[in-house]
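Visitor: Give me the fold of what follows.
(one chain, ligands or ions: 1)
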Amino acid sequence: MSETIQPKATIVIFGATGDLANRKLYPSIYRLYKSGKLDENFAVIGLARRGWDNDIIRENVEKSIQGLVTEDEDVSAFTSHFYYRPFDVTSADSYNDLKNMVESLEKDYQTDGNRLFYLAMAPDFFGTIANELKNHGLKDTPGWTRLVIEKPFGHDLPSAKKLNKELQAAFNEDQIYRIDHYLGKEMVQNIEVIRFANGIFEHLWNNQFINNIQVTSSETLGVEERAHYYDTSGATRDMIQNHMLQMVALLAMEPPINLSTEEIRSEKIKVLRALRAVKEDKVDEYFVRGQYGAGTIDGKEVVGYQDEVEALKGSETETFVAGKLVIDNYRWAGVPFYIRTGKRMKEKSTKIVVEFKDIPMNLYHRKDALRNPNLLVINIQPNEGITLHLNAKKTGNGNLTEPIQLAYHQDAQSGINTPEAYEKLLYDSMLGDATNFTHWDEVALSWEFVDRILASWAHEKPDFPNYESGSMGPKAADELLAKDGFRWWPE
Ligand code: NAP
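Guide: Below is the predicted model:
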C-alpha cells in the first residue's frame with residue numbers, strides 16, 4: 001500500500017468570512033485532517049475585512065464542520081490551527097503584517113516555508129492580490145508558493161487575457177492553480193479511467209461505433225441570492241465555458257502517452273483546438289438559449305427568473321443553454337456532442353450519455369417495433385455511478401427484447417468516505433499536482449469558443465421566458481437533436 005503523503009503548508013485564505021470558505025474550504029480541510037492527509041504541520045490564516053479574531057474564526061470553522069463531527073468529538077486540536085486577521089486587500093500595510101504572521105506561524109508549525117494562497121473572493125481582486133504578494137516578499141521563501149484561484153476567470157477572452165497577464169506578472173503558470181471544481185468530482189475523474197482502463201469501451205470510442213455523446217447538467221434551484229452575479233454571467237459563462245467544455249475535453253481526448261499533468265493537458269487542449277468554431281450567423285443552428293418562467297418544482301410553485309428580484313425585470317440573461325459541438329478530428333468526424341445546462345429544471349443531475357450505434361442488421365426489437373440503443377451513462381451527481389443499457393430477451397417472447405441495465409453505484413461502495421471535490425483539489429494543490437486544474441491555454445480556447453456565441457446573441461433580443469420551471473428546457477433544445485435524428489437520453 002502506498003504511504004499517504006502529508007503536505008506541510010501555511011494556507012492563506014483571502015475571503016475567509018465568505019460562503020465558499022465556510023461551506024467548502026473549512027469542511028475540506030477538516031476531512032483532510034481526519035483522514036490523515038494533513039498532519040499537524042499546517043496553519044490556516046483567514047483574511048477578510050470583518051473584525052473577526054482567532055476565536056471567532058475557530059468558532060466559525062467549528063460550525064462549518066458540524067455535520068462531519070461525532071457528538072463528543074473535541075475539535076479544538078483541529079481548530080487551533082486557524083488564525084484570523086482583518087485585512088483589506090488594497091492596503092499595503094495589510095501585506096506587511098501578513099508577511100510577519102506567515103513567517104512566525106511557519107516556524108511554529110514547521111511548514112518548510114510552503115505557502116498556499118487561496119483566493120476565495122471576487123475575481124476583481126485577483127490581480128491586485130497576486131502582485132501585492134510578490135511586491136511584499138510573500139513569495140520569498142525556501143518552500144513552494146502556489147496561488148489557487150476561483151472561477152470565473154474573466155468575463156470573456158479579452159478580460160481573461162488581462163487577468164492572466166496580471167497574474168503572470170507575479171506567479172508562473174506552474175504556480176497558478178485555476179479551480180474548476182467539476183474536475184475534482186469523483187466521476188469526472190473517472191471518465192479517463194472508464195475509457196482508458198476498459199478495452200470494451202475504448203475500442204468502441206470513436207465515430208464508427210458512437211452515434212452521439214450527451215452531457216447534461218441540470219439544477220432545480222433558481223438564482224437564489226446570487227442574482228446579481230448571475231445576471232452579469234448567465235449559463236454560458238457560468239457553466240459552458242468551464243465545466244461543460246472540460247467534460248467534453250475529457251470525453252473526446254486521445255489517450256495520453258502517460259498520466260503526467262502535461263500529457264493529459266496537452267490531449268485536452270487538442271480537443272478544444274479541434275472544436276469547430278460556430279460562425280456568428282449560424283449560432284441558432286447549433287445553440288439554443290433559454291430563461292425560466294414560473295412553474296412547479298417538487299410540487300411547489302416558483303416564480304420566473306425575472307420575478308426573482310426587482311433588478312431582474314426585463315433581463316435578457318440566459319439561464320439555460322443547449323448546444324451541438326462538432327469536433328473536427330479523425331476520431332470524432334460526424335459525431336455530435338450535445339451539451340445542455342440550466343436552472344430550475346425538472347431534476348438536479350449531471351450526467352453523460354454515450355449513445356452507441358446499432359449493429360448493421362439487428363433482428364431483434366421491442367414489442368413496439370422500436371430498438372433501444374446501447375447507452376453508457378456516467379452519473380456525475382447526485383448518484384455517482386455508471387450504468388450500461390443493454391438489450392436482453394424477454395422471457396417467453398420469441399425475438400422481442402427488453403432493455404436491461406448493468407449498474408454500479410459509487411456511493412454504495414464507498415459511502416460517505418467519497419472525498420469532496422474541494423477536498424481533493426486542495427490536497428492536489430498542496431502536493432503540486434495540477435492535473436485537475438485548468439491551464440491558461442484551456443481557458444483561452446474555451447473563451448474564444450463561447451465568445452462567438454455570446455456575440456451573436458448580443459445582437460438579437462431573445463423571446464424570454466421560454467421554458468417553464470420544472471421542465472427540461474425550451475422545446476428548441478429537443479429540436480436541436482431531433483433534426484439530427486436523435487433525442488436526449490434518458491427521458
Ligand atoms: P462571498 O460570500 O461574497 O465572500 C467574499 C469574501 O471576500 C468575504 O469573505 C468578504 O469578507 C471578502 N472581501 C470582500 N472584499 C474584500 C476586501 N476589499 N478585502 C478583503 N476581503 C474582502 O463570495 P463566495 O461565494 O465565497 O465566493 C468567493 C469566490 O469563489 C468568488 O470568486 C466566486 O465566484 C467563487 N465561487 C464561489 C462558489 C460558492 O459556492 N460560493 C462556487 C464557485 C466559485 P468581508 O466582507 O468580511 O470583507
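
Visitor: Would you mind measuring from the residue in the stretch 151-300 of the chain positioned nearest to the ligand to residue 188?
Guide: In the stretch 151-300 of the chain, the residue found nearest to the ligand is residue 151; the distance is 5.1 Å by CB to the nearest ligand atom. (Each C-beta comes from the backbone N, C-alpha and C, glycine too.) Using CB to CB, to the nearest Å, we find residue 151 at a distance of 15 Å from residue 188.

Visitor: Please say which of the two ends up with more neighbours.
Guide: Between residue 151 and residue 188, counted using other CB atoms under 10 Å, residue 188 has the larger neighbour count: 24 against 18.

Visitor: OK, contacts around the more buried one?
Guide: 182, 246-247, 250, 380 (CB atoms under 8 Å, 6 or more residues apart in numbering).

Visitor: Report pLDDT for the residue of the stretch 151-300 of the chain closest to the ligand.
Guide: On pLDDT, residue 151 comes in at 91.

Visitor: I figured it hits residue 180, correct?
Guide: Yes: if you go by CB atoms under 8 Å, residue 151 and residue 180 touch, sitting 6.7 Å apart.

Visitor: shared neighbours of the two, anything?
Guide: Residues touching both residue 151 and residue 180 (CB under 8 Å, 6+ apart) are residue 242.

Visitor: Distance of residue 435 relative to the ligand?
Guide: Going from residue 435 to the ligand by CB to the nearest ligand atom, to the nearest Å gives 20 Å.

Visitor: thought that residue was touching residue 424?
Guide: No: at 10.8 Å, residue 435 and residue 424 do not qualify as touching, with contact defined as CB under 8 Å.

Visitor: who has more neighbours, the two?
Guide: residue 424 (23 against 16).

Visitor: how much space between that one and the ligand?
Guide: Per CB to the nearest ligand atom, residue 424 is found 15 Å from the ligand.

Visitor: ok, residue 94 - contacts?
Guide: With CB under 8 Å, 6+ apart, residue 94 has these contacts: 47, 85, 87-88.

Visitor: ok, and for the strand or helix carrying it, which residues are buried?
Guide: Assessed by DSSP states H and E, residue 94 sits inside helix 92-108. Neighbour-count burial for helix 92-108 flags 94-95, 98-99, 101-102, 105-106 (criterion: 16 or more other CB atoms under 10 Å).

Visitor: Contacts only, for residue 210.
Guide: Neighbours of residue 210 in contact, by CB under 8 Å, 6+ apart: 204, 335, 354-357.

Visitor: phi, psi of the closest residue to residue 173 other than its chain neighbours?
Guide: Of all residues not flanking residue 173 in the chain, residue 440 sits nearest, at 6.0 Å (CB to CB, 6 or more residues apart in numbering). Backbone torsions of residue 440, given as degrees, to the nearest 10, read phi -50, psi -40.

Visitor: Check residue 287 too.
Guide: Residue 287 has phi and psi values of phi -130, psi 150 when expressed as degrees, to the nearest 10.

Visitor: Same check on residue 234?
Guide: Dihedral angles (degrees, to the nearest 10) for residue 234: phi 90, psi 170.

Visitor: Is there a neighbour count for it? I'd like the number.
Guide: 21.

Visitor: How about residue 462?
Guide: 14.

Visitor: what do you get for the one 3 residues further on?
Guide: Applying other CB under 10 Å, we find 22 residues neighbouring residue 465.

Visitor: if I look at it, how far off is residue 221?
Guide: 16 Å.

Visitor: Likewise for residue 376?
Guide: 28 Å.

Visitor: And these two? Which one has more around it.
Guide: residue 376 (21 against 12).

Visitor: Just give the closest residue to the more buried one, not the sequence neighbours.
Guide: Distance criterion CB to CB, 6+ apart; nearest residue to residue 376, sequence neighbours excluded, is residue 354 at 4.3 Å.

Visitor: For the stretch 1-150 of the chain, what lies in contact range of the ligand?
Guide: Selection of the stretch 1-150 of the chain residues close to the ligand by CB under 6 Å from any ligand atom yields 15-20, 48-50, 87-90, 120-123, 150.

Visitor: residue contacts, the closest residue to residue 106 other than its chain neighbours?
Guide: Ranked by CB to CB, 6+ apart and with sequence neighbours excluded, the top spatial neighbour of residue 106 is residue 10, at 5.4 Å. By CB under 8 Å, 6+ apart, residue 10 lies in contact with 42-45, 102, 105-106, 109, 111, 114-116.

Visitor: now residue 323
Guide: 240, 286-288, 338-340, 453, 480.

Visitor: Need the pLDDT of the residue in the chain positioned nearest to the ligand.
Guide: Per CB to the nearest ligand atom, residue 18 is where the chain lies closest to the ligand, at 2.3 Å. As predicted, residue 18 sits at a pLDDT of 95.

Visitor: bridging residues for residue 378?
Guide: residue 352, residue 386 (DSSP bridges).

Visitor: what number of residues lie near it?
Guide: 22.

Visitor: same deal with residue 312?
Guide: Residue 312: 18 surrounding residues under other CB under 10 Å.

Visitor: Now do it, the pLDDT please.
Guide: For residue 312, the pLDDT comes out at 95.

Visitor: OK, contacts around the closest residue in space to it that isn't next to it in sequence?
Guide: Using CB to CB, 6+ apart and skipping the chain neighbours, the partner closest in space to residue 312 is residue 306 (5.0 Å). If you count contacts by CB under 8 Å, 6+ apart, residue 306 has them with 291, 312-315, 464-465.

Visitor: Just the buried residues of these.
Guide: By neighbour count, with 16+ other CB under 10 Å, those hold 291, 312, 315, 464-465 as buried.

Visitor: Can you add secondary structure and distance to the ligand and give those back as JSON lines?
Guide: Listed next are those as JSON lines, based on DSSP: H, G, I helix; E, B strand; the rest coil; distance: CB to the nearest ligand atom, whole Å:
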{"residue": "291", "secondary structure": "coil", "distance to the ligand": "21"}
{"residue": "312", "secondary structure": "helix", "distance to the ligand": "19"}
{"residue": "315", "secondary structure": "coil", "distance to the ligand": "19"}
{"residue": "464", "secondary structure": "coil", "distance to the ligand": "24"}
{"residue": "465", "secondary structure": "coil", "distance to the ligand": "25"}
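
Visitor: Let me see the backbone angles for the closest residue to residue 291 other than its chain neighbours.
Guide: Distances taken as CB to CB, 6+ apart place residue 464 nearest to residue 291, at 3.8 Å, with adjacent residues excluded. Phi and psi for residue 464, reported as degrees, to the nearest 10, are phi -110, psi 150.

Visitor: Likewise for residue 362?
Guide: Residue torsions, per degrees, to the nearest 10, at residue 362 are phi -110, psi 120.

Visitor: and the gap between it and residue 318?
Guide: Taking CB to CB, one finds residue 362 at 40 Å from residue 318.

Visitor: the more surrounded of the two?
Guide: residue 318 (28 against 10).

Visitor: is it true that the more buried one lies in a helix?
Guide: No: counting by DSSP: H, G, I helix; E, B strand; the rest coil, residue 318 falls outside a helix, being coil.

Visitor: beta partners of the closest residue in space to it that isn't next to it in sequence?
Guide: Residue nearest to residue 318 in three dimensions, not counting chain neighbours: residue 289, with 3.9 Å by CB to CB, 6+ apart. Listed beta-bridge partners, residue 289: residue 321 (assigned using DSSP bridges).

Visitor: Residue 289 touches residue 317, doesn't it?
Guide: No: Residue 289 is beyond contact range of residue 317, at 9.3 Å (criterion: CB under 8 Å).
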